[in-house]
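[1] got a sequence here, can you build the structure:
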Amino acid sequence: MARSALDLTYVLYDETSHVSLAFALLTLSPILLNAAYAALCVQTRELIYVEMWAGQMLCECLNYILKKIIKQERPNLDMGSGYGFPSSHSQWMGYFATFLICHFTFRHRFVSTGYPILDRLRDFFLHAFIVSWSSAVAFSRYHLSYHTAPQVLGGFSVGVLFGLVYYMTLEYIPSRRPTSLPGRLKTGLLAIPIFTWFRVRDSWAIWPDGGLDPQYLRWRAEWDAKRLLQNKRKRT
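    This next block holds a predicted model:
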């Protein structure tokens, strides 16, 4: 019987280096993001999370095709199976960062703190965190010797380009031009019975923050009313 190792979470690193261990943990981010995608899609039923996850899988398919076409070996053949260009982890994180930053730039609007400087700092640190995390995961593939620098940069670049085109086609154009072909397709998709049955929605089409603040305000009003009622009962 032929046996093979499932190397999905099998990461080799220098056990004498804490930095190497940190990068080994970071390189598992795509696996953790898959679980996050699944949880968000099931819990929120938001179309954008379904689109983002589907795009992530399409980007991974593109990576597989490119590797089969280019057939560039990894720098260390004992570090993993398959070809090395473009780096799939780097491409994954390039797509993830681009889609998310586009969403926060073009569609999502946080509730203002009332202080413009705090609003700008929040946006800056959010974008910086996304870019830093994605870049660190990509760099981990080079640091751990799974890929060369060109393979990492190539993968990240392909992910960024794919994420940009994908987001513009599925989110930016439909939100700016609802009567365009992508806009009509998106509207028609949300109207079909199966999507209605699963309660799939596009909250950003109604609320700038995706409905977070209206939901909070509704909860707060109900919670305050319940608390006042309990206090009245205690007094009597």
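[2] CA only for contacts and neighbour counts going forward, please
    Fine.
[3] any stretches of the chain with poor pLDDT?
    Along the chain, the parts satisfying pLDDT under 70 run over 1-9, 79-80.
[4] how's it carved up into domains?
    18-205, 207-236 (automatic domain parsing).
[5] reformat those domains as a markdown table; add distance to Leu12.
    Formatted as a markdown table, the domains of the chain follow (distance: least, C-alpha to C-alpha, whole Å):
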| stretch | distance to Leu12 |
| --- | --- |
| domain 18-205 | 7 |
| domain 207-236 | 41 |
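[6] winner for burial among the ones you listed?
    domain 18-205 (a mean of 17; mean count of other C-alpha atoms under 10 Å).
[7] check the offset of that one from the chain's centre.
    Taking C-alpha atoms, centre = their mean, to the nearest Å, the mean C-alpha location of domain 18-205 is offset from the chain mean by 4 Å.
[8] go on, stretch 11-22?
    For stretch 11-22, the distance to the chain centre is 26 Å (C-alpha atoms, centre = their mean).
[9] now the helices for this structure?
    Applying DSSP state H to the chain gives helices spanning 18-26, 29-44, 47-70, 88-106, 116-143, 149-167, 173-176, 181-191, 193-197, 212-235.
[10] export the ones you listed to JSON lines and tack on distance to Gly82?
    Shown next, in JSON lines, are those (distance: least, C-alpha to C-alpha, whole Å):
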{"stretch": "helix 18-26", "distance to Gly82": "19"}
{"stretch": "helix 29-44", "distance to Gly82": "18"}
{"stretch": "helix 47-70", "distance to Gly82": "8"}
{"stretch": "helix 88-106", "distance to Gly82": "11"}
{"stretch": "helix 116-143", "distance to Gly82": "14"}
{"stretch": "helix 149-167", "distance to Gly82": "13"}
{"stretch": "helix 173-176", "distance to Gly82": "37"}
{"stretch": "helix 181-191", "distance to Gly82": "36"}
{"stretch": "helix 193-197", "distance to Gly82": "38"}
{"stretch": "helix 212-235", "distance to Gly82": "43"}
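[11] out of these, nearest to Tyr10?
    helix 18-26 (9.5 Å; C-alpha to C-alpha).
[12] how about residues contacting that closest one?
    11-15, 136-137, 140, 143-144 (C-alpha atoms under 8 Å, 6 or more residues apart in numbering).
[13] alpha carbons only: can I get that helix in CSV?
    Extracted C-alpha coordinates of helix 18-26, given in CSV (Å, rounded to 0.1, in the frame of the first residue of the first chain):
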residue,chain,number,x,y,z
HIS,A,18,11.9,31.8,17.7
VAL,A,19,11.6,34.0,14.5
SER,A,20,11.4,30.8,12.4
LEU,A,21,8.7,29.4,14.6
ALA,A,22,6.7,32.7,14.3
PHE,A,23,6.9,32.5,10.5
ALA,A,24,5.9,28.8,10.6
LEU,A,25,2.8,29.8,12.5
LEU,A,26,2.1,32.8,10.1
